[in-house]
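Engineer: Sequence first, predicted coordinates after that:
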Amino acid sequence: MLTTCSSAIVLTVNGEDHMLVVEPNELLINVLRNELGLTGAKYGCGTGQCGACTVLVDGEPVLSCITLAVAVDGKEITTIEGVAGADGELQPVQEEFLHENAIQCGFCTPGMILVAGDLLKRNPHPSEAEIRHHIKGNICRCTGYNGIVRAIQKAAARQGELRSDGIADREEAVSR
Amino acid sequence: MTDMRYMRPRSLKEALEMLGEHSPGAKLLAGGTDLIPLFRAARYSSESSLAGLGSAGGCKCGDCRIVPFPDVLVDVGGLDEIKGIRRSDGFLEVGAATVIADIASDPLLNEEVPILAAGAGSIGNPLIRNRATIGGNLASAAPCADTAPPLLALDAIVQLASPEGRRQIPIADYFLEYRTTSIRETEMITGLLIPIPSERSAGSFEKVRLRRSGAISVASVAVMLELDAATCLKARIALGSVAPIPLRAAAVERALEGRRIEGEVARACSRLVQQHISPIDDIRGSADYRRWVTEAVVARNILKSAGIEGTD
Amino acid sequence: MGRHSIAIGVNGQWMKAEVTALDTLLEVLRNRFGALDVKNGCGQGDCGVCTVLLDGVAVNSCLTLAVQADGREVTTLKGLGTPDDPHPLQESFLRHGAIQCGFCTSGMVLTAKALLDENPTPSREQIREGISGNLCRCTGYTKIVDAIEDVAGHPEGSGGRVR
């Protein structure tokens, strides 16, 4: 419904520009899921505590359930749908999540993978304690976390294998 | 824990000898699907004196006493002599150690007495049915035993053997009171004889339950009718889980015999079921509900057996 | 003291134990023989996680006395296949995402094996009926039924490779 408070915003999501008309109180999570059909980010707690709604805004992990859409006007958003290569080829961190039984119900997984990617970008050789610290904002009720930690460790060990679409190389590509 | 010993006789004769030698301390084991949970639910005690132990509670069918472990467990589940299903002289003979899964799927039973196959198929779940036996279902004599209403409706005969010899009793005389049967101390069930219903017979079985699998009945109904066109010549209505024992609703049967079956007749006769049943409140349903549903399901199955599509 | 010497064939290997009349097959498999792939759930035949094949028949090992299995062959999940040589059912479960916490999986796969041995081409309804003694709290069953149906359709093994 168009009101006098609506604004037109532009979000670049996974490399594609979208112009949207939003209310000032519309949340980014709802715009992504309901307007753009990108249901990879999950609506978990709705209060910024569980991390299931995590997306990247200009490369930084953000809790989309407590982010207003208008606040990210003009920014680059990366969701889980944008992590694999254009041809659908999985990133090492995604493959390792599969190998290491880091996925059961799958609800925490999109947020977890984005945060893992963020960690490996900042700290390519994290210790176990550093991994566990970095994922503290992403709650998993299924796995007990050990598989997730192993997956991230394995992905770290495979850093040299990242393809050209990889998260860790994105900065480099953007800055070229 | 207990000094209970396990024995596996290699023949029926040996089994009877063991029963004779060790009674009253001998207990029979076949599938074990009823007995083993009871052993492990502390319903059995190794205490020599049971005074003050009270009731263990938590069992599936109601309030139960704690009993001492037997001295010996005699496993008759593997005796081929008391397994198998065959036709013989107008009867179907079903061995007591025949597993429930085989009873549910047997082509002969499905052809001649489908209500028994249906009752058996409704027991527990596929894994339970691979071990549980029809003899065990009758011997444990739970009011909810699902082969009981069909066998009652079929006028089955229970075959018993002891070291002293053999005898047979009509199943109508088999269930005496709550979990108590006519089996004598050194006796065991060896099989069932089921008269093959006449060509004019039809029946149906229905188990009211909260789930499609792993569910003890709220109420169960087995109906067998012998019909001449729509007129009922003979009726058998048997019920489970609505009284301390599985039983027949004789008043309903008498009211139906000689009558032409149709909707109002079925409903009126079904009302007479109330004088036979004394259901309880438990976690599966209230007594009131059981009274109401038994009457409705009896009426529905009378109509179904008579081939009449009726409303509930 | 009521002790019995028994021998049980576990995945083709004959193993001995001294047991009481009360010890269940489940307890002996897990605690004496180290077959931890057989799971302990409800202990009363309602959940099916303890399912093993006893002479090829799917049974609750919690409701079978060890003495009753004396001289008989038991198959557990590890007897069906290994990571290097998985059974088509194991492959299919992985490929279809039919495993989350994994606790029901051992019993579920063994029940599925027995089901397909008896009926190689079950309908989805028959599959659901066949696994109705094996509870799963995670998956909602759909992918389990998909996995079994896939193997039923391709008894020699399905096309997809396991990652």
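Structural biologist: Received, thanks.

Engineer: what ranges do the strands span in the chain?
Structural biologist: Using chain A here. According to DSSP state E, chain A carries its strands in the segments A:7-13, A:16-22, A:54-57, A:60-63, A:76-78.

Engineer: was after chain C, sorry
Structural biologist: Using DSSP E, strands in chain C cover C:3-10, C:13-20, C:51-54, C:57-60, C:73-75.

Engineer: Measure how far the last one is from the centre of its chain, please.
Structural biologist: Going by Cα atoms, centre = their mean, to the nearest Å, the spacing between the C-alpha centre of strand C:73-75 and its chain's C-alpha centre is 10 Å.

Engineer: same check, this time on stretch B:230-237
Structural biologist: Its chain's C-alpha centre and that of stretch B:230-237 lie 22 Å apart, by Cα atoms, centre = their mean.

Engineer: Pull out the buried residues from it.
Structural biologist: For stretch B:230-237, burial by neighbour count (16 or more other Cβ atoms under 10 Å in any protein chain shown) applies to B:Cys232, B:Lys234, B:Ala235, B:Arg236, B:Ile237. For the C-beta atoms, the positions are set from N, CA and C on the backbone; glycine is no exception.

Engineer: and residue 136, how many neighbours does it have?
Structural biologist: Using chain A. A:Lys136 has 9 neighbours, counted by other Cβ atoms under 10 Å in any protein chain shown.

Engineer: oops, I was thinking of chain B
Structural biologist: For B:Gly136, the count of nearby residues is 26 (other Cβ under 10 Å).

Engineer: same question, the one 5 residues further on
Structural biologist: Around B:Ala141 there are 23 other residues, counting by other Cβ under 10 Å.

Engineer: Ramachandran angles for it?
Structural biologist: The phi/psi pair for B:Ala141 (degrees, to the nearest 10) reads phi 50, psi 40.

Engineer: what sits against it?
Structural biologist: With contact set as Cβ atoms under 8 Å, 6 or more residues apart in numbering or on different chains, B:Ala141 has these partners: B:Phe175, B:Arg179, B:Thr180, B:Thr181, B:Ile245.

Engineer: Just the buried residues of those residues.
Structural biologist: B:Phe175, B:Arg179, B:Thr181, B:Ile245.

Engineer: I'd like the distance between the nearest residue to the first one once chain neighbours are set aside and B:Pro143.
Structural biologist: With sequence-adjacent residues excluded and distances taken as Cβ to Cβ, 6 or more residues apart in numbering or on different chains, B:Phe175 is closest to B:Ile245, at 3.9 Å. In this structure, B:Ile245 and B:Pro143 are separated by 6 Å, where distance is defined by Cβ to Cβ, to the nearest Å.

Engineer: Over to A:Arg33?
Structural biologist: 53 Å.

Engineer: Surely B:Leu227 is in contact with B:Arg260?
Structural biologist: No - the pair B:Leu227 / B:Arg260 is not scored as a contact, 9.9 Å apart, by Cβ atoms under 8 Å.

Engineer: Phi, psi for B:Leu152 please.
Structural biologist: Dihedral angles (degrees, to the nearest 10) for B:Leu152: phi -60, psi -40.

Engineer: Give the burial count for it, as a bare number.
Structural biologist: Neighbours around B:Leu152, by other Cβ under 10 Å: 26.

Engineer: Would you mind confirming that it makes contact with B:Ile245?
Structural biologist: No - between B:Leu152 and B:Ile245 there is no contact under Cβ under 8 Å: 9.9 Å.

Engineer: Let me see the domain layout of chain C.
Structural biologist: Under automatic domain parsing, the residue ranges defining each domain of chain C are C:3-77, C:88-153.

Engineer: my bad, should have said chain A
Structural biologist: According to automatic domain parsing, the ranges for chain A are A:7-82, A:92-175.

Engineer: Just tell me which of those domains ends up closest to chain C.
Structural biologist: Across those, chain C has its closest neighbour in domain A:92-175 (4.0 Å, Cβ to the nearest Cβ).

Engineer: Please list all residues in contact with A:Cys105.
Structural biologist: A:Arg141, A:Cys142, C:Gln100, C:Cys138.

Engineer: separation between the last one and chain B?
Structural biologist: Right, the one you point to is C:Cys138. 18 Å (Cβ to the nearest Cβ, to the nearest Å).

Engineer: Excluding residues flanking it in the chain, which one is nearest that residue?
Structural biologist: In space, C:Cys138 is closest to C:Gln100, 3.6 Å off (Cβ to Cβ, 6+ apart).

Engineer: and the one you found, what pLDDT?
Structural biologist: C:Gln100 is assigned 97 on the pLDDT scale.

Engineer: what does B:Ala42 give?
Structural biologist: pLDDT, B:Ala42: 67.

Engineer: Just give me the residue right at the centre of chain B.
Structural biologist: Residue closest to the mean C-alpha point of chain B, counted by Cα atoms, centre = their mean, is B:Ala148 at 2.5 Å.

Engineer: Show the model's pLDDT score for that residue.
Structural biologist: 98.

Engineer: What separation do you get for the residue in chain C that chain A sits nearest to and C:Leu77?
Structural biologist: Residue nearest to chain A within chain C: C:Gln100 (4.0 Å; Cβ to the nearest Cβ). Using Cβ to Cβ, C:Gln100 is found at 16 Å from C:Leu77.

Engineer: Now A:Gly40: closest residue in space, sequence neighbours ignored.
Structural biologist: Nearest one to A:Gly40, counting by Cβ to Cβ, 6+ apart, is A:Ile80 at 3.7 Å.

Engineer: Surely that neighbour and A:Thr39 touch.
Structural biologist: No - when contacts are counted by Cβ under 8 Å, A:Ile80 is not listed as touching A:Thr39 (9.6 Å).

Engineer: Would you mind telling me which of those two has more residues around it?
Structural biologist: Between A:Ile80 and A:Thr39, A:Ile80 has the larger neighbour count (other Cβ under 10 Å), namely 23 against 14.

Engineer: So which helix or strand of the chain has the lowest pLDDT on average?
Structural biologist: All of this is about chain A. helix A:170-175 (a mean of 56; mean pLDDT, DSSP states H and E).

Engineer: Chain B, not that one
Structural biologist: Per-SSE averages on chain B (mean pLDDT, DSSP H and E): minimum strand B:44-45, a mean of 70.

Engineer: What pLDDT does the model give the residue of chain A found nearest chain B?
Structural biologist: Residue of chain A nearest chain B, by Cβ to the nearest Cβ: A:Cys105 (23.8 Å). In this model, A:Cys105 is scored at 97, pLDDT.

Engineer: if I pick B:Tyr289, what's in contact with it?
Structural biologist: Taking Cβ under 8 Å, 6+ apart, one finds B:Val218 in contact with B:Tyr289.

Engineer: State the helix or strand in which it lies.
Structural biologist: In the assignment (DSSP states H and E), B:Tyr289 maps to helix B:287-305.
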